[in-house]
Each structure stands twice: as structure tokens, then as C-alpha cells.
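Q: for reference, the sequence and a predicted model appear below.
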Amino acid sequence: MDLRTTYLGLELKNPLVASPSPLARELGNIRRLEDAGAAAVVLNSLFEEEINQESQALDRYLSDGTESYAEALTYFPEAPSYRGVGPDAYLEHIFRAKQAVNIPIIASLNGVSSGGWIRYAKEMEGAGADAIELNIYYLPTSISLSSAEVEQIYIDLVHDIRASVDIPIAVKLSPYFSSMANMMHRLTEAGAKGLVLFNRFYQPDLDLENLEVVPNLVLSHSDEMRLPLRWIAILYGRVAADLALTTGVHNAQDALKAIAAGANVAMMTSEILLNGIGRFSEILAEMRLWLEEREYISIQELHGSLSQVNVAAPAAFERANYIQVVKSYSPIFR
């Protein structure tokens, strides 16, 4: 069974990709992911805030004492005393990961503003990254910021990073845009080679006893993939970008649904955190069996077969589906 696919112009041995997780911080785990069958690994994000923090710390070290006497202007601290470990360690991790495995390594850059931190995209390329996933996680809270202004922030950011690197860029973002299809189209025009749908909206909890906001990360479940599945089915064949489905991929059926909707790859994290890296090989075996039993020659025959590319009026189709779903439920009580 031929499971090969392409994503961001990269030839992949199958459509299962390891999305960012704590496992990707260790080279040993990245090797295990490759051995289990992962076709590529997306590393954890390097955050704009981490880069800016290092820059500010360096400025502080270099300016300390300069107001005391003229000679102080020529003093520089020893490198280990001011050198931030975040960005530099991240670039080193990319380099070592590329040396350790034969599958593509996709770096992840997380930020929301255009600034000096963008130069790290070029440094990621120099460290050997095969592609960059730009993870834009931004919750606009200002009542004076319009939706058009928010969208332009995204477009400008993709454009600026596209101008700084030659390797492909994928954009990972949330589903909370008023005109999703148009926004996806604009991102591809700005230089996005791929779209990763969707970034999970991590929502904190409230501790009433201590009156505190409490971080609360809950792993995904299969039902959550319905939202990215729907939008990938709508976008397939309509935007000039590869599509990646992330959030909710836990078994072979989930991964096959992603491909049928039009995704080039299905990304997985929660399932391997819950049940181990070996789930990659198990799911791939189940995918092969499903395809063979139905006499598929390759997974490309399934790709996009359940998308809406052949629906003349997708908005009307979605409206009809909405009405059908609402009317389909019957309460169990009388």
C-alpha cells in the first residue's frame, strides 16, 4: 500500500506527522517517532517573547555601569554570563535533530508582531529546518481594534517571514475569523505554502477558593476534529496551499477522514501523549488494512474524495447540512 504524500513540497512516506509536544524536546524521542513511522516532526515553538526577553537581557548587561565612568563603555561581560539559552538552544536543537533522523524537521515560530524576532526564521533555515510552521496565537481584547486590522496583522506577519526565508512556511491559526475562506486565500497570497487547521484555544479555569486564574490544558478527543475536518473539506481545491489537519486525530479512522476531506497530512499529539509513541505504527497498520480491504492502490485515491470541491454552492450545502443536523436529533424522554 502506497501511503506517500507531499506536504509543503516535501516528500513524505505517509501522512502522519508528529505535531508539537513535550516529546519533541528530546532527540531520543524524535528518533523513536521516526522509528514508529512518523513522516515528519514539528518541533515545539520558539516564542516571540523568549527572543525578546533574551534581547532585553543582553541590552541590560551591555548597558550596566556605562553611566559610571568612560572606561566602562569598553567593558563586555563574558559570553556565558549574558547569553540567553532559549533561542540559541532552539537553533542547536534543530541542527542536532536534522543530524539524528532522516525525516523532515519543521521548526515552529510563535509570534504576533512584526519585529526583530522575525530574523530567527532565517536562522532556523540556516540551522537546517526543512520548513517553518508559523503558529499565530493572538486573542485581540481591545474594543478599538477592528477585524480588518486583526487580519492585516496576520497577513503582514506571513509576508515579512516569507520575505526572509527560502524554505516553505505553513501557518497555524485559530478558526475564529468572520470570513475563513477569504482569510485562508489571503494568507496563501502572502506566501503561506501550507495551512494548519486549527490551533486549539487553550482556556484557563478559575479557582474560586484562591481567586486565581489557573492554566488548564486538556488533551484533545476525536470529536474535536469535526471543525478542522469541515473547513478542510471546504478549502480543498479552492486555495493554493497544502492542508494539515491537527486536533482530534486519535486513530486510523480519524486520519483517513482527514485525507478524504482533503488534508495532505494528519497531525497527532494527544494520542501519543496518552498512549505512547508506538501508536504511530499501530495507526499506520490500521490505515493500510482499511485501504487494502477496499482495494485502494494508494492513499492518493482517497485524497479529497469527500471534499466540497465539486459542490456548486458550498454555502447552500452547509446551510442544508445545518438544517438536517438540527432536525435529526430526537430527545430520549417523552
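A: Okay, I see it.
Q: what lies in contact with the strand or helix carrying Leu195?
A: Secondary structure assignment for Leu195, by DSSP states H and E: strand 194-197. Here strand 194-197 makes contact (CB atoms under 8 Å, 6 or more residues apart in numbering) with 7-8, 131, 133, 168-173, 175, 184, 187-188, 228, 231-232, 235, 239, 241-246, 264, 267. From N, CA and C alone the C-beta is placed, and that goes for glycine too.
Q: show me these that map onto strands.
A: 7, 131, 133, 169-173, 242-245, 267 (DSSP state E).
Q: circling back to that earlier point, type out the PyMOL command that picks the buried ones from the contacts of strand 194-197.
A: Buried members of the contacts of strand 194-197, defined by 16 or more other CB atoms under 10 Å, are picked up in PyMOL with:
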select buried, resi 7+8+131+133+168+169+170+171+172+173+184+187+188+228+231+232+235+239+241+242+243+244+245+246+264+267
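Q: circling back to that earlier point, next structured bit after the strand holding Leu195?
A: strand 205-207.
Q: partners of the helix or strand just after that following strand in the sheet?
A: Once strand 205-207 ends, the next helix or strand along the chain (criterion: DSSP H and E) is strand 212-214. Strands adjacent to strand 212-214 in the sheet, as given by DSSP bridges, are strand 205-207 (antiparallel).
Q: ok, and for the partner strand, which residues are buried?
A: Under 16+ other CB under 10 Å, strand 205-207 has no buried positions.
Q: can you list contacts of it?
A: 212-214, 216.
Q: now stretch 119-126
A: With CB under 8 Å, 6+ apart, stretch 119-126 has contacts from 46, 51, 87, 91, 94, 107, 109, 132, 161, 164-167.
Q: next step: those residues restricted to strands.
A: Short answer: the contacts of stretch 119-126 in strands (DSSP E) are 46, 107, 109, 132.
Q: which member of these is positioned nearest Leu208?
A: Set against Leu208, the nearest of the ones in strands among the contacts of stretch 119-126 by CB to CB is Leu46 (35.5 Å).
Q: and the gap between the closest one and Pro104?
A: 18 Å (CB to CB, to the nearest Å).
Q: those two: which has the busier surroundings?
A: Under the neighbour definition other CB atoms under 10 Å, Leu46 and Pro104 were set side by side, and Leu46 has more, 26 against 19.
Q: how about the CA coordinates for stretch 19-33, as CSV?
A: Only the C-alpha atoms of stretch 19-33 are listed here, as CSV (Å, rounded to 0.1, in the frame of the first residue of the first chain):
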residue,chain,number,x,y,z
SER,A,19,2.8,17.9,15.9
PRO,A,20,4.5,19.9,18.7
SER,A,21,4.6,18.2,22.0
PRO,A,22,7.0,17.8,25.0
LEU,A,23,8.3,14.6,23.3
ALA,A,24,9.9,16.7,20.6
ARG,A,25,12.2,18.4,23.1
GLU,A,26,14.4,15.2,23.3
LEU,A,27,16.5,13.8,20.4
GLY,A,28,15.8,10.3,21.6
ASN,A,29,12.1,10.8,21.3
ILE,A,30,12.5,12.2,17.8
ARG,A,31,14.4,9.1,16.8
ARG,A,32,11.6,7.0,18.3
LEU,A,33,9.0,8.9,16.4
